[in-house]
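A.B. asks: structure for the following, please:
(chains A and B)
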Amino acid sequence: AQTVTQSQPEMSVQEAETVTLSCTYDTSESDYYLFWYKQPPSRQMILVIRQEAYKQQNATENRFSVNFQKAAKSFSLKISDSQLGDAAMYFCAYRSGGGSQGNLIFGKGTKLSVKP
Amino acid sequence: KAGVTQTPRYLIKTRGQQVTLSCSPISGHRSVSWYQQTPGQGLQFLFEYFSETQRNKGNFPGRFSGRQFSNSRSEMNVSTLELGDSALYLCASSRTGGGPNEQYFGPGTRLTVT
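C.D. replies: Next up is the predicted model:
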C-alpha cells in the first residue's frame, strides 16, 4: 500500500521569506501523480501544484515550486516570497496512475504560519 | 461556474442514529469522492463514484455507504453513528477522477456525534 509522510507538523515563516515543506512517499508503482493541497482556516481545500511522476522537470506555479526526487521518493514544496494568505494547512497527496481510480492518499499535513 | 456544494454544513446527531450527507459536484464532473477528516487520522478516503457506480472504496466499515444519482449528485450515509464518526466530511469532484485531474473540494459537512 502507498503511504505519504509529512514529517513537519508545523512550520513558520516570515513574510516575504522562503519556506520548504517536506513530503516523502512510499510506493512500488512507477506511474503516479503527486499533489500539494492547501486548506485555509475556512476549510475549502484547493490544489496548489501537481507533478506527474514520469516528468523529470519540477512543476512550478508562480511562487510555488516543487523539488521532485523520484529515486528518493521525496516531493517537497517551496513557497517563495511568502504572503500572509499562505497561512494554512498543506497536504501532500499521492494518486496511482494506473487505471481510472481517483482517490488521493494524503499525508497528515503541515500547518504553516506566516509572521508579518 | 458554481463550485462543489455540500449540505448540510453542520450536523449534530446522537449515537445510534443515522445521517445522510449530500454533495453536488461541479457541472460536467462525473466523479465524486468522499473523504473523512479528523485530527487524529487526518484525511482518509471513503469511496468514489463515477457514473452512478462505486469505483473505489476505502477501508471503512459497512456502516458507511454512498450512492450517486444520474445528475452526478452524491449522498453518503452513515448508520448507527458512533462517537468516533465525528469528523469533517469532504466531498470532491472531478471530470473523470483519475490521472492528473484536479479534484475540487467542497466546504465540507461538520458532523458531531454526541
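A.B. asks: how close does A:T27 sit to B:Q36?
C.D. replies: Counting by C-beta to C-beta, to the nearest Å, the gap from A:T27 to B:Q36 is 22 Å. Just so you know, the C-beta spots here come from the backbone N, C-alpha and C atoms, and that holds for glycine as well.
A.B. asks: check contacts around the closest residue to A:G97 other than its chain neighbours.
C.D. replies: Counting by C-beta to C-beta, 6 or more residues apart in numbering or on different chains, A:G97 lies nearest to A:D31, which is 3.3 Å off, once chain neighbours are set aside. A:D31 makes contact with A:A53, A:Y54, A:S96, A:G97, A:G98 under the criterion C-beta atoms under 8 Å, 6 or more residues apart in numbering or on different chains.
A.B. asks: got phi/psi on the closest residue to the first one other than its chain neighbours?
C.D. replies: For A:A53, the nearest residue in space outside its immediate sequence neighbours is A:Y32; the separation is 4.8 Å by C-beta to C-beta, 6+ apart. When read as degrees, to the nearest 10, the backbone of A:Y32 gives phi -160, psi 170.
A.B. asks: beta partners for A:Y32?
C.D. replies: Counting by DSSP bridges, A:Y32 forms beta bridges with A:S96.
A.B. asks: give me the more crowded residue out of A:T27 and B:Q36.
C.D. replies: Taking neighbours as other C-beta atoms under 10 Å in any protein chain shown, A:T27 and B:Q36 compare with B:Q36 leading, 22 against 17.
A.B. asks: which element is that one on?
C.D. replies: Using DSSP states H and E, B:Q36 falls within strand B:31-38.
A.B. asks: in that strand, which residues are buried?
C.D. replies: Of the residues in strand B:31-38, B:S31, B:V32, B:S33, B:W34, B:Y35, B:Q36, B:Q37 count as buried by neighbour count, 16 or more other C-beta atoms under 10 Å in any protein chain shown.
A.B. asks: which ones are touching the third one?
C.D. replies: In this case it means B:S33. Shown in contact with B:S33 (C-beta under 8 Å, 6+ apart): A:102-104, B:45-49, B:91-94, B:97, B:103.
A.B. asks: and the two most separated of the contacts of A:D31?
C.D. replies: Spatial extent of these (C-beta to C-beta) is set by the pair A:Y54 and A:S96 at 13.2 Å.
A.B. asks: of these two, who's got more company?
C.D. replies: Each of A:Y54 and A:S96 has its neighbours counted (other C-beta under 10 Å); A:S96 has more, 20 against 11.
A.B. asks: quick check, that one in contact with A:S28.
C.D. replies: No - assessed by C-beta atoms under 8 Å, A:S96 is found out of contact with A:S28, at 10.6 Å.
A.B. asks: burial measure for the residue nearest to A:A53, as a count.
C.D. replies: Per other C-beta under 10 Å, the neighbour tally for A:Y32 reads 19.
A.B. asks: grab the nearest non-local neighbour of A:V19.
C.D. replies: A:V13 (3.8 Å).
A.B. asks: to clarify, my last question referred to A:L104.
C.D. replies: Counting by C-beta to C-beta, 6+ apart, A:A93 is the residue found nearest to A:L104 once chain neighbours are left out, at 4.3 Å.
A.B. asks: report the contact partners of the one you found.
C.D. replies: By C-beta under 8 Å, 6+ apart, A:A93 lies in contact with A:V4, A:L34, A:F35, A:W36, A:Y37, A:L104, A:I105, A:F106, A:G107.
A.B. asks: let's have those in JSON lines, adding secondary structure, neighbour count and distance to B:G58.
C.D. replies: Shown next, in JSON lines, are the contacts of A:A93 (DSSP: H, G, I helix; E, B strand; the rest coil; neighbours: other C-beta atoms under 10 Å in any protein chain shown; distance: C-beta to C-beta, whole Å):
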{"residue": "A:V4", "secondary structure": "strand", "neighbour count": "24", "distance to B:G58": "14"}
{"residue": "A:L34", "secondary structure": "strand", "neighbour count": "25", "distance to B:G58": "19"}
{"residue": "A:F35", "secondary structure": "strand", "neighbour count": "24", "distance to B:G58": "18"}
{"residue": "A:W36", "secondary structure": "strand", "neighbour count": "25", "distance to B:G58": "21"}
{"residue": "A:Y37", "secondary structure": "strand", "neighbour count": "25", "distance to B:G58": "17"}
{"residue": "A:L104", "secondary structure": "coil", "neighbour count": "21", "distance to B:G58": "11"}
{"residue": "A:I105", "secondary structure": "strand", "neighbour count": "20", "distance to B:G58": "10"}
{"residue": "A:F106", "secondary structure": "strand", "neighbour count": "21", "distance to B:G58": "12"}
{"residue": "A:G107", "secondary structure": "coil", "neighbour count": "26", "distance to B:G58": "16"}
